[in-house]
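please find the sequence and the predicted model below.
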Amino acid sequence: MSLLTTNYLTPTGREEAWRFTPLKRLAGLHDGSTKVADYISLSAKATLPNGVVLSVAEASEHPASYTSTDVVTNRIREVVAKVSLLTIAKDIELTEPIHLSRKCSSSPEFSRVVIQAGVNSKSMVIIENTGNGELGEEIEINLAPGASLDLISLQEWDRTAVHLAQHHAIVSKDAQFTSYVVSVGGSVVRISPTVEFTGAGSFADLYGVYFATDGQHLEHRIHVNHNVPNAKSRVNYKGALAGDQAHTVWIGDVYIHKGADGTDTYELNRNLLLSDGARADSVPNLEIETGEIVGAGHASTTGRFDDEQLFYLQSRGIPADIARRLVIRGFFAEIINKLKSAELEERLMQRIDDELAKVGE
């Protein structure tokens, strides 16, 4: 067991990065007061294909490739002695996903995962999080030139879980990165998907789905750093809220540096309020230092359940509870259908149905 005692970075809630987050509910993962178990719960759920290796390596042999301003990420780096290293060989094209899983127990865990996608490789990685534990997580994704990687992160936590994470992708020349973050469980989930481009022709798609019910706090903070010419990014997150004190936070930051000519970017967040007592905070930000861009924009909407849609379905003989479920499924379908897995899509839709059914119980 290890205990981190440094406190010079401890957030107070007055900082912009922490003003929405309920610090008292973070189980000490943010302030160094919690004892962190010295183990790694991440493992392969199935046999890995040829050309893919999951190993445990010394953290000193795999220092971080980027500087993070996130407090929890920096605490993880101070504490963790071992990292989970997933390497994908160059020039391979995988037809089946690499499926990793983590089931957290009651012991708090700090985890650092490094994913290395080789030159011209094509792969999909699914990381499935379940259980009722407390997790501080950093995932660093390095895409070599020409690599294509889809990363699906599933937060299917039990109701008491706490999950604080940063997922940082470094996207090289002509590489393509697609992130799917799905959060449908936990007490507090705070995930920061961040991207930096290191070569022209690189592309990142960031998708997200979240569903918050009674008392849940689900927070997603996206940052896309356009610091090279001719890179492209798209961000699209959708969330629904139902139940008393359900709270979601979405922060979308896109920064286009001087010299990043030819940038093409757009970010979008939509929130659907299904009941009174729910609150969605949505803050899109766009900072541009060059006028030589293809396009840049953002949009955010938060609205209540569409009673006209519900009435339309009921007028055709569909019971109210089923009609409500169909409207919510339709809201999420745009993103969930992109997962390219019928089994996974239906599983997530069923979890959303189950969460909705719990509201008011």
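Received, thanks.

I'd guess N337 is in a helix, am I close?
Yes. Counting by DSSP: H, G, I helix; E, B strand; the rest coil, N337 falls inside a helix.

that one contacts E345, correct?
Yes. Under the criterion of Cβ atoms under 8 Å, N337 makes contact with E345 at 6.3 Å. Placement of C-beta: from N, CA and C, glycine included.

more neighbours, those two?
Neighbours were tallied for N337 and for E345 using other Cβ atoms under 10 Å; the higher tally belongs to E345 (16 against 11).

which strands or helices does the helix or strand harbouring that one pack on?
Using DSSP states H and E, E345 sits within helix 342-358. The contact analysis (3 or more Cβ pairs under 8 Å, 6 or more residues apart in numbering; DSSP states H and E) places helix 342-358 against strand 203-212, helix 320-336.

quick one, which of these is nearest to S123?
Closest to S123 of the helices and strands packed on helix 342-358 is strand 203-212 (Cβ to Cβ; 15.1 Å).

after the closest one comes which helix or strand?
Using DSSP H and E, the helix or strand that follows strand 203-212 in sequence is strand 217-226.

and the helices in the chain, which stretches?
Along the chain, the segments classed as helices by DSSP state H run 71-79, 307-314, 320-336, 342-358.

and those helices: which comes nearest R159?
helix 342-358 (9.1 Å).

picking that back up, pick the most buried one from the helices of the chain.
With neighbours defined as mean count of other Cβ atoms under 10 Å, the helices of the chain peak in mean count at helix 71-79, which reaches a mean of 20.

from the contact counts, what lies against that one?
Packed next to helix 71-79, using 3+ Cβ pairs under 8 Å, 6+ apart, are strand 109-117, strand 134-143, strand 162-171.

hey, what's the angle from the shortest one to helix 71-79? Just curious.
What that stands for is strand 109-117. Angle between the axes of strand 109-117 and helix 71-79 is 90 degrees (criterion: axes from the mean of the first three to the mean of the last three Cα atoms, to 10 degrees).

quick one: D281 and L241 touch, right?
No. Counting by Cβ under 8 Å, D281 does not reach L241; the two are 10.9 Å apart.

returning to that earlier point: can you lay out the helices and strands packed on helix 342-358 as a markdown table showing distance to R221 and mean pLDDT?
Formatted as a markdown table, the helices and strands packed on helix 342-358 follow (distance: least, Cβ to Cβ, whole Å; pLDDT from 0 to 100):
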| stretch | distance to R221 | mean pLDDT |
| --- | --- | --- |
| strand 203-212 | 11 | 97 |
| helix 320-336 | 18 | 84 |
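
turn these into a markdown table, columns for distance to V182.
Converted to a markdown table, those look like this (distance: least, Cβ to Cβ, whole Å):
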| stretch | distance to V182 |
| --- | --- |
| strand 203-212 | 5 |
| helix 320-336 | 8 |
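
quick one: low-confidence residue ranges for the stretch 201-350 of the chain.
Along the stretch 201-350 of the chain, the parts satisfying pLDDT under 70 run over 306-307, 309-313.

before we move on, the earlier item: out of the helices and strands packed on helix 342-358, flag the one nearest G259.
Nearest to G259 among those is strand 203-212 (18.6 Å), distances taken as Cβ to Cβ.

mind giving me the packing neighbours of the closest one?
Counting by 3+ Cβ pairs under 8 Å, 6+ apart, the packing neighbours recorded for strand 203-212 are strand 162-171, strand 176-183, strand 188-197, strand 217-226, strand 232-241, strand 247-256, helix 320-336, helix 342-358.

mind checking which of those is nearest D264?
Closest to D264 of the helices and strands packed on strand 203-212 is strand 232-241 (Cβ to Cβ; 4.4 Å).

could you export that closest one as CSV, CA atoms only?
C-alpha atoms of strand 232-241 as CSV (Å, rounded to 0.1, in the frame of the first residue of the first chain):
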residue,chain,number,x,y,z
LYS,A,232,-9.0,17.7,-38.3
SER,A,233,-11.1,17.0,-35.2
ARG,A,234,-14.8,16.4,-34.4
VAL,A,235,-16.3,16.2,-31.0
ASN,A,236,-19.9,15.0,-30.4
TYR,A,237,-21.2,14.2,-26.8
LYS,A,238,-24.8,13.4,-25.8
GLY,A,239,-26.2,13.1,-22.3
ALA,A,240,-29.5,12.4,-20.6
LEU,A,241,-30.4,13.1,-17.0
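
that one to helix 342-358, inter-axis angle?
Counting by the same axes, to 10 degrees, strand 232-241 lies at 40 degrees to helix 342-358.

name the strands paired with strand 232-241 and say parallel or antiparallel.
Using DSSP bridges, strand 232-241 pairs in its sheet with strand 203-212 (parallel), strand 264-273 (parallel).

centre of the chain to that strand, how far?
Relative to the chain's own centre, strand 232-241 is displaced by 10 Å; criterion: Cα atoms, centre = their mean, to the nearest Å.

same check on stretch 48-65?
How far stretch 48-65 lies from its chain's middle: 21 Å, per Cα atoms, centre = their mean.
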